[in-house]
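>>> sharing a model prediction with you, sequence too.
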Amino acid sequence: MADEKELVLTCDLDAPREVVWKAWTDPDMFMQWWGPKDFTTPISKIDLRKGGEYFSCMRAPDGQDFCSKGVYLEIVEPERLVMTDSFADKEGNTVSATYYGMGADFPREMSITVTFEEQDNKTKLIVKHSDIKGLSETELNDMQQGWNESLDKLAELLAKS
């Protein structure tokens with residue numbers, strides 16, 4: 001379809017693939033980098049198995065929490081994660097994006113594919129956020145900025161390791 005949209009981000013990380021994999025799949029490590037600049041992640045639950053669920057909340061500097069959840073559809077350790085992605089309330093119930101003040105056309109469920117490519121003891125990370133039709137250009141740009149800031153935080157965390 002002409003209105004299909006997806007966001008693809010690529011970054012090169014100075015860490016072995018297994019370490020980058022752990023940053024995505026270990027709740028304690030995930031909380032250290034998830035969310036845009038100046039956001040924290042006080043809650044992260046990960047049930048890493050096909051059909052298992054994840055739930056996390058990132059907290060904005062003003063104290064507002066933005067929660068999300070999803071189901072792992074495919075896990076190929078340490079190569080690929082495929083999962084659904086939806087907004088959630090603090091109890092883990094799926095909610096519309098309007099719950100967080102976003103547009104009503106924002107998809108109720110999206111997909112995320114994360115690919116971890118090993119390159120000389122470093123990792124090329126490819127994040128594909130798809131099923132995002134209905135997003136305005138502003139929402140798409142905001143999503144891209146949030147992802148870029150999160151991945152910058154991931155790179156900083158890995159540089160300290």
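Structure received.

>>> what's the first helix or strand after the biggest strand by length in the chain?
In the chain, assigned by DSSP state E, the strand with the most residues is strand 65-76. Following strand 65-76 in sequence order, the next helix or strand is strand 80-88 (DSSP states H and E).

>>> now that next one against strand 65-76, angle please.
Relative orientation of strand 80-88 and strand 65-76, computed by axes from the mean of the first three to the mean of the last three Cα atoms, to 10 degrees: 150 degrees.

>>> so which elements touch strand 80-88?
strand 65-76, strand 110-119 (3 or more Cβ pairs under 8 Å, 6 or more residues apart in numbering; DSSP states H and E). The C-beta positions use only the backbone N, C-alpha and C, and glycine is treated the same way.

>>> in JSON lines, list these along with mean pLDDT, mean neighbour count and distance to Thr10.
Below are the helices and strands packed on strand 80-88 laid out as JSON lines (pLDDT from 0 to 100; neighbours: other Cβ atoms under 10 Å; distance: least, Cβ to Cβ, whole Å):
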{"stretch": "strand 65-76", "mean pLDDT": "99", "mean neighbour count": "17", "distance to Thr10": "19"}
{"stretch": "strand 110-119", "mean pLDDT": "98", "mean neighbour count": "17", "distance to Thr10": "9"}
